[in-house]
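Novice: fold the following.
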Amino acid sequence: MKKHNDSILTIVIAVFSLISLTFLTVSVIDTNNQKASINDKIQMTHKKSEDLVIDEAKEKKSKRPGISNSLDALNDFFDGYYTFENQQEYNNRAKSLRNVASSDVLTDEKIFESDPYKKVKQLELQSKFTSLKFFPATLNDTEVTGSVYVSYSANYADKKAGTGQALYDVTFNRSDNKITNISKKGDLSVNTDSTLYE
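Specialist: Numbers count the residues shown, from 1 in each chain. Now for the predicted structure:
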């Protein structure tokens, strides 16, 4: 009788072990499925945010002429605005941008600041447009609005070039193919002084 009870006990333990193992396996599979689902959601969110950022390479392939034309104008404008090698080129930026910007923009003293003390010449300041990212906000039959993140490099005298970034809000008129409003929101900088984090 004792042998019979021991074998029943062994069978019961084996059955419980099998059931426990099954639950554990299902639990692991369910956890992996939840992780995969969360990763899928993160990737979808990241993809959606990437789709909102319009850069020139992607937009050239698209069929949205309003965005594409505004990108062309923005690239021309910021290339002319941030690229200069001497005082004369700096002073003539507004004149050289008449094809892509309205007279209101070109006479805006907040955008085209005067340089009465010739700081560009004194510091031997040079600048070069690097790239931009455009974040469209609205698009209709008459205009495109959005924000532009601009990168450029600058150096003075014999000093090594540094990089700068600036953020602007812009309006592009689709019928004139010109930027009709631009306002600078600020300069952006990344701190590279690691001692600040100690």
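Novice: surely residue 79 is in a helix?
Specialist: Yes. Assigned with DSSP: H, G, I helix; E, B strand; the rest coil, residue 79 falls within a helix.
Novice: what is the burial count for it?
Specialist: Per other C-beta atoms under 10 Å, the neighbour tally for residue 79 reads 19. C-beta coordinates here come from the backbone N, C-alpha and C atoms, glycine included.
Novice: next: the one 5 residues further on.
Specialist: Burial measure for residue 84: 21 neighbouring residues, criterion other C-beta under 10 Å.
Novice: who's in contact with it?
Specialist: Applying C-beta atoms under 8 Å, 6 or more residues apart in numbering to residue 84 gives the contacts 90, 93, 120, 126-127.
Novice: what does residue 164 give?
Specialist: Residue 164 makes contact with 151-154, 187-189, according to C-beta under 8 Å, 6+ apart.
Novice: specify which member of the residues you listed is nearest to residue 179.
Specialist: When the contacts of residue 164 are ranked by distance to residue 179 (C-beta to C-beta), residue 152 comes first, at 17.3 Å.
Novice: quick check, pLDDT for that closest one.
Specialist: You'll see residue 152 listed with a pLDDT of 94.
Novice: go on, residue 125?
Specialist: With respect to pLDDT, residue 125 scores 92.
Novice: how near is the residue lying closest to it once chain neighbours are set aside to residue 86?
Specialist: Nearest residue to residue 125, sequence neighbours excluded (C-beta to C-beta, 6 or more residues apart in numbering): residue 156, at 4.7 Å. Residue 156 sits 12 Å away from residue 86, going by C-beta to C-beta, to the nearest Å.
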